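[1] Predicted structure and sequence below. I'll ask about it afterward.
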Amino acid sequence: MKAVILAGGKGTRLRPYTTVIPKPLLPIGDYPILEIILFQLRHFGIDEVILAVGHMAQLFQAFFQHGERYGLKISYSFETGPLGTAGPLSLLIGQMDEDFFIMNGDLLTTLNYRKMFEYHRQHKAAATIGLYEREVKIDFGVVETGQDSELERYTEKPTFSFKVSMGVNVLNPDMIRPYITDKKHLDLPDLMMLLHNNGHPVFCYSEPCYWLDIGRFEDYEKANEIFESRKQDFIPDKKYL
């Protein structure tokens, strides 16, 4: 199995940390975020990883090299300008001869990648989106009004539940190839809707697991706390602990 990991962003929301180091290389406990992901992918049977890099690309090459110490084959795809979250596929779609993962390089999860891949293959999907149930608490009283501004409902600090993308997807290269334009900016939500609107099956996958997107300072602090308390859940292969 192959995985494309998106690691070309500048991580502006985590400045000044990301001024000198790319977000996927920020440490969680004793390991860079991306290294934890590589441990997990290898454990679940992925043997080849392509890092889609741009900003500070040389640091990724220096740290991960060709992946020998992880039991992986790691190669690099270089962006000369922003291509979005699906656009980088235009640089490497020719290398894809079977279904593959495309995912963010800055997330912390206990997702079983093998189960997700098997689900995708069983459904013969063009694409499968990993979903997570996320609760969002509103710290204000939410007021709903009707006609003439008459009160209909007043809820104090409600909590809403949403299904959100985990930033982990599986794609079928043959089905997506017609929608990947050479070096053109394209985001994954747009690609998913193109597939759906043109009659290609797009499925969603979820399972009981932990997931956190590390995009803000509070997320980064929480990721470190959770990782230290559940290290074996995030690094299932004990030889890396």
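    Cool, got the structure.
[2] Lys124: what's it in contact with?
    Pro201 (CB atoms under 8 Å, 6 or more residues apart in numbering). Every residue, glycine included, has its C-beta placed from N, CA and C.
[3] element containing it?
    Under DSSP states H and E, no helix or strand contains Lys124.
[4] Secondary structure class of Thr83, three-state.
    Heads up, residue 83 is Leu, not Thr. coil (DSSP: H, G, I helix; E, B strand; the rest coil).
[5] Please tell me I have it right and it contacts Ile180.
    No - look at Leu83 against Ile180 with CB atoms under 8 Å: they stay out of range, at 10.5 Å.
[6] hey, what's in contact with both of the two?
    Both Leu83 and Ile180 are in contact with 90, 186, where contact means CB under 8 Å, 6+ apart.
[7] For this protein, just list every one of the helices.
    For the chain, the helices defined by DSSP state H cover 17-20, 33-43, 57-64, 113-122, 173-176, 188-197, 217-229, 231-234.
[8] low-scoring stretches of the protein, by residue?
    Applying pLDDT under 70 to the chain flags residues 8-20, 241.
[9] As a quick check, tell me the outermost residue of it.
    Asp148 (44.7 Å; CA atoms, centre = their mean).
[10] residue contacts, Asn112?
    If a contact means CB under 8 Å, 6+ apart, then Asn112 has 44, 207, 209 as its contacts.
[11] Can you pull the phi and psi angles for the second one?
    The phi and psi torsions at Glu207 (degrees, to the nearest 10) take the values phi -150, psi 160.
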